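Asker: Quick one, what's the 3D model for this:
(2 chains)
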2 protein chains.
Amino acid sequence: MPTSSLRINAPRLLANLECLSRIGKLPDGGICRLALSDEDKLARDQLVTWMDESGLDIRIDQVGNIFGVRAGLSNLSPVMLGSHIDSVIGAGDFDGCYGVLAALEVINILNENGIVTKNPIAVASFSNEEGVRYQPGMLGSSVYSGALDISNALNIVGVDGSIYGGELERIGYAGKMRSGDIRPGVYVELHVEQGPLLDRERIPIGVVDGVVGISWWEVTVSGGANHAGTTPVEMRRDAGLAAAKLVQKTREIALKVGGDQRSTCGMIRFFPNAINVIPGKVILTVDLRNSGEAGLAAAEDLLLTSSREIEASDDVSIAIKLLEKVPAVKFDKDVVSSLEKISGALGIRSRRMISGAGHDAQLMARICPTAMIFIPSKGGVSHSPEEFSSPEALTDGGNVLLHSLLVFAGVVDGDQRF
Amino acid sequence: MPTSSLRINAPRLLANLECLSRIGKLPDGGICRLALSDEDKLARDQLVTWMDESGLDIRIDQVGNIFGVRAGLSNLSPVMLGSHIDSVIGAGDFDGCYGVLAALEVINILNENGIVTKNPIAVASFSNEEGVRYQPGMLGSSVYSGALDISNALNIVGVDGSIYGGELERIGYAGKMRSGDIRPGVYVELHVEQGPLLDRERIPIGVVDGVVGISWWEVTVSGGANHAGTTPVEMRRDAGLAAAKLVQKTREIALKVGGDQRSTCGMIRFFPNAINVIPGKVILTVDLRNSGEAGLAAAEDLLLTSSREIEASDDVSIAIKLLEKVPAVKFDKDVVSSLEKISGALGIRSRRMISGAGHDAQLMARICPTAMIFIPSKGGVSHSPEEFSSPEALTDGGNVLLHSLLVFAGVVDGDQRF
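Answerer: Below you'll find the model as predicted:
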């Protein structure tokens, strides 16, 4: 059988996803598998068992990333496929797990068909991608790619007061391998979109050529708390009203900058937050994202300008603090273009797109040619028990990943050469 | 000495206020003397001691209101002067206490000058005015005036799970007197303004001819929670943005209705309230107040209309629930006019005004001719340790109260007849 005819065993992939989803299942159906928790340990143990059954050489690095390595004909740089298996609170079945288990499925297909590749292959499961328990997220891939020092990572204090390094020891995943030691020649991450574009346009594959830059702000509006019943309009310094104007400006920023600019106020808190008291202080957050540096900078400028305008019009003071900034990432042109061709050769429609969410791939892009494959998320919903991708979509993505591996690791049929 | 020359003993009044303010003092300087707490009991004990020292006949009613009665020459209806001594969390020294202790000071002046009045006099301290621990507020005066049934009041469950009637027994203030049994011929309440008008206009006395009507609303905006990084503007159903528009409309309501209309959004809560999630749901409150029924109704209409408009423009649904409605109260014209004349005769400038806050007087107005006297609150601040009224203002108010009592209880000099 020519390798071009190979397809993943979709029922097996779906069964494995279903099996993993049972670890950390909440009563309401969502999953809670926070990094380095007991549930994360159980999921890691299951993954390692499967890797072992698939004949992979298992290696754990110092930050707790798990790798299953399959030897190649050569000692060339390995092709790495992966994602993560930790979750947010109330997650769906596919975020992260899909990329890891589809990579494992690809290995199983190679094994069953007696295929040996030129390059070695590594299946990767990165530690603490979600960043719910330990911040920052994408911790494992940050250390792996050299963006974060291992000793700093091990000392991070979690939201529950635990220490990353201590919990890693506790669950038995403090490995000996130096992070970064398996240096891939190419990294491909398969993931659910977590956005609505593919679902809305009914396109089965997104070839992701970059990740947006993110700029997170905390805005504190200070006015004057006073009695709601006695204070006339002209004497009010209403921090709630000023904040409401800024929330509206936040939307206008997205419209003014245009393109793929996103701009969101997701958190707000009034002080004292009483029905009969004019808010004296408000704290809110603004999440700005853009695939282009200039666009993101323009959005940041608009946020500052709007704040100054509202300070003047509403007699309040506004303090703005940058919480986090992650620059936009462009993926490797050749890898992106190959993924498009592979999808086309399989007869699966694709479109190029930017990821609006952060992924381990954006860190791996620092050390090797990288790109991502997205499949549709129903309604764009993610980080929710309502997250859903159809079996057909999951199968298409798995097959694109399989054939990417065949190409990048050096198994190329005569009829399928890129 | 003609009674027209009588003045309160200001240092004694200030000393008593200072003494009472020490009961329940918080480390930050504010007072916490929630109704029926241990601190409230201590303050009641102190008040009863003072009343006793002033020779008053102390009577406690079933809801815990405290009355100190001074006999008159006749058995005509007593003149009642009073307010409350419970407090919010972090209160100032004067809210409530001023009206009660100034009434006690008036009694002391009568005693010291051997004055006997035609009508009896009652100093009243109403229970649970603030409504922080047990809702509704103005509980004691509501029962006293027949607006609330005593058995319903005794069964109210507090925010701490305690039962009003049980706590009243515990602190020893479950009295035998039937609420309403001392039926006053007139009720006068002296209070700090808790608003900025007198302070801003530098007028020492406000003669209060009514209390605004209050209409409290809970508004729930339902949109769609989604990923802040991946969801384009045209696919957003941002409940936070829609809520922000409603907060702005809330201000516009005050401007459109005009007059003394107040309109405030004091509380808001985003769900899920995460930096990178578009709010799917928002709950906020709106506090509407107006001295006129038509104005308040117009404001309510505008709130409903605005909500319908935002539902349409922002593709969200908005549910509106009335939490509480208290109709506006007009005080007695003759009492109001007398208070103005009394103030004028003392050479103290006054202005008529509406109270934007609720007071026991608005309940007492149901059963007898009633009005209030306000003194300036610095910057209009109240329900805060920053609450402040000057010794001069406190003295002026006390003297207007003294001479009101002389008039209403039937001690009138030849040169001061109204």
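Asker: drop to CA atoms for contacts and neighbour counts, all remaining ones
Answerer: OK.
Asker: Can you spell out which helices and strands pack onto the strand or helix carrying residue A:123?
Answerer: In this assignment (DSSP states H and E), residue A:123 forms part of strand A:121-126. The helices and strands touching strand A:121-126, judged by 3 or more CA pairs under 8 Å, 6 or more residues apart in numbering or on different chains; DSSP states H and E, are strand A:66-70, strand A:79-84, helix A:97-112.
Asker: buried sites along the first one?
Answerer: The neighbour-count criterion (16 or more other CA atoms under 10 Å in any protein chain shown) identifies A:66-70 as the buried residues of strand A:66-70.
Asker: sorry, back to before: in its sheet, what does the strand holding residue A:123 sit against?
Answerer: According to DSSP bridges, strand A:121-126 forms sheet pairs with strand A:66-70 (antiparallel), strand A:79-84 (parallel).
Asker: Tell me the secondary structure of the residue of the stretch 1-150 of chain A at minimum distance from chain B, please.
Answerer: As assessed by CA to the nearest CA, chain B sits closest to residue A:132 within the stretch 1-150 of chain A, at 11.2 Å. Following DSSP: H, G, I helix; E, B strand; the rest coil, residue A:132 is assigned to coil.
Asker: residues contacting it?
Answerer: For residue A:132, the contacting residues are A:34-35, A:88, A:159, by CA atoms under 8 Å, 6 or more residues apart in numbering or on different chains.
Asker: Phi first, then psi, for the most centrally placed residue in chain A.
Answerer: Ranked by distance to the mean C-alpha position of chain A (CA atoms, centre = their mean), the top residue is residue A:359 at 3.2 Å. Geometry field for residue A:359 lists phi and psi as phi -140, psi 160, criterion degrees, to the nearest 10.
Asker: Number of residues surrounding residue A:172?
Answerer: Residue A:172 has 13 neighbouring residues, counting by other CA atoms under 10 Å in any protein chain shown.
Asker: same check, this time on residue A:105
Answerer: 23.
Asker: Tell me the confidence at the residue nearest to residue A:222 when sequence neighbours are not counted?
Answerer: What sits nearest to residue A:222 in space, not counting adjacent residues and going by CA to CA, 6 or more residues apart in numbering or on different chains, is residue A:281, at 4.6 Å. In this model, residue A:281 is scored at 96, pLDDT.
Asker: how about residue A:281, phi and psi?
Answerer: Dihedral angles of residue A:281 (phi, psi; degrees, to the nearest 10) stand at phi -150, psi 140.
Asker: try the one 4 residues further on
Answerer: Here the main-chain torsion angles of residue A:285 (degrees, to the nearest 10) amount to phi -120, psi 150.
Asker: Report the contact partners of it.
Answerer: Residues counted as contacts of residue A:285 (CA under 8 Å, 6+ apart) are A:216-219, A:265-268, B:275.
Asker: Please flag which of these sit within strands.
Answerer: A:216-219, A:268 (DSSP state E).
Asker: Return the entry from these with the maximum number of neighbours.
Answerer: Neighbour max across the ones in strands among the contacts of residue A:285 (other CA under 10 Å) = residue A:268, 26 neighbours.
Asker: ok, the helix or strand hosting residue A:351: who's next to it in the sheet?
Answerer: Here residue A:351 sits within strand A:350-355, counting by DSSP H and E. The strands that strand A:350-355 pairs with in its sheet are strand A:205-211 (parallel) (by DSSP bridges).
Asker: Could I get the average pLDDT for the strand it pairs with?
Answerer: Averaged across strand A:205-211, the pLDDT comes to 97.
Asker: what does that strand rub up against?
Answerer: A:193, A:198, A:291, A:328-333, A:336, A:339-340, A:343, A:348-358, A:362, A:371-376, A:396-397.
Asker: Narrow the residues you listed to just the buried residues.
Answerer: Judged by 16+ other CA under 10 Å, buried ones among those: A:193, A:198, A:291, A:328-332, A:336, A:339-340, A:343, A:348, A:350-358, A:362, A:371-376, A:396-397.
Asker: Sketch out the low-pLDDT regions of chain A for me.
Answerer: Residue ranges of chain A with pLDDT under 70: A:412-418.
Asker: Helices of that one, start to end?
Answerer: Taking DSSP state H to define them, one finds helices in chain A at A:10-21, A:38-53, A:97-112, A:139-144, A:150-154, A:164-170, A:197-201, A:239-257, A:293-314, A:333-345, A:360-364, A:391-408.
Asker: Now the third one: buried residues?
Answerer: It refers to helix A:97-112. Neighbour counts over helix A:97-112 (16+ other CA under 10 Å) mark A:97-110 as buried.
Asker: same thing with the fifth one?
Answerer: Using 16+ other CA under 10 Å as the burial criterion, the residues of helix A:150-154 that qualify are A:150, A:153-154.
Asker: swap in the longest one?
Answerer: Of all the residues in helix A:293-314, those buried under the rule 16+ other CA under 10 Å are A:293, A:295-300, A:302-303, A:306-307, A:310-311, A:314.
Asker: helices or strands next to that helix in the packing?
Answerer: Here helix A:293-314 touches strand A:213-222, helix A:239-257, strand A:281-290, strand A:317-326, going by 3+ CA pairs under 8 Å, 6+ apart.
Asker: which parts of the longest one are buried?
Answerer: Burial within helix A:239-257, assessed by neighbour count using 16+ other CA under 10 Å, is assigned to A:239-255, A:257.
Asker: From the residues you listed, list the ones also adjacent to chain B.
Answerer: Filtering the buried residues of helix A:239-257 for proximity to chain B (criterion: CA under 8 Å from any CA of the partner chain) leaves A:240-241, A:243-245, A:247-248, A:251, A:254-255.
Asker: what's the closest of the residues you listed to chain B?
Answerer: Closest to chain B, out of all of those and judged by CA to the nearest CA, is residue A:244, at 4.4 Å.
Asker: just checking, the closest one touches residue B:245?
Answerer: Yes - using CA atoms under 8 Å, residue A:244 is in contact with residue B:245, at 6.9 Å.
Asker: Of all residues in the stretch 301-418 of chain A, which one is closest to chain B?
Answerer: Taking CA to the nearest CA, the stretch 301-418 of chain A has residue A:356 as its residue nearest chain B, at 4.4 Å.
Asker: isn't that residue right next to residue A:212, touching?
Answerer: Yes - between residue A:356 and residue A:212 a contact is recorded at 5.5 Å, counting by CA under 8 Å.
Asker: what do the two both touch?
Answerer: With CA under 8 Å, 6+ apart as the test, residue A:356 and residue A:212 both reach residue A:289.
Asker: need the contact list for the residue lying closest to residue A:272 once chain neighbours are set aside.
Answerer: Using CA to CA, 6+ apart and skipping residues adjacent in sequence, the residue nearest residue A:272 is residue A:279, 6.3 Å away. When contacts are counted by CA under 8 Å, 6+ apart, residue A:279 touches A:223-226, A:238-240, A:270-273, B:265-267.
Asker: Make a ChimeraX selection of whichever of those turn out to be buried.
Answerer: Remark: buried members of these, expressed as a ChimeraX selection using 16+ other CA under 10 Å:
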select /A:223,224,225,226,238,239,240,270,271,272,273 /B:265,266,267
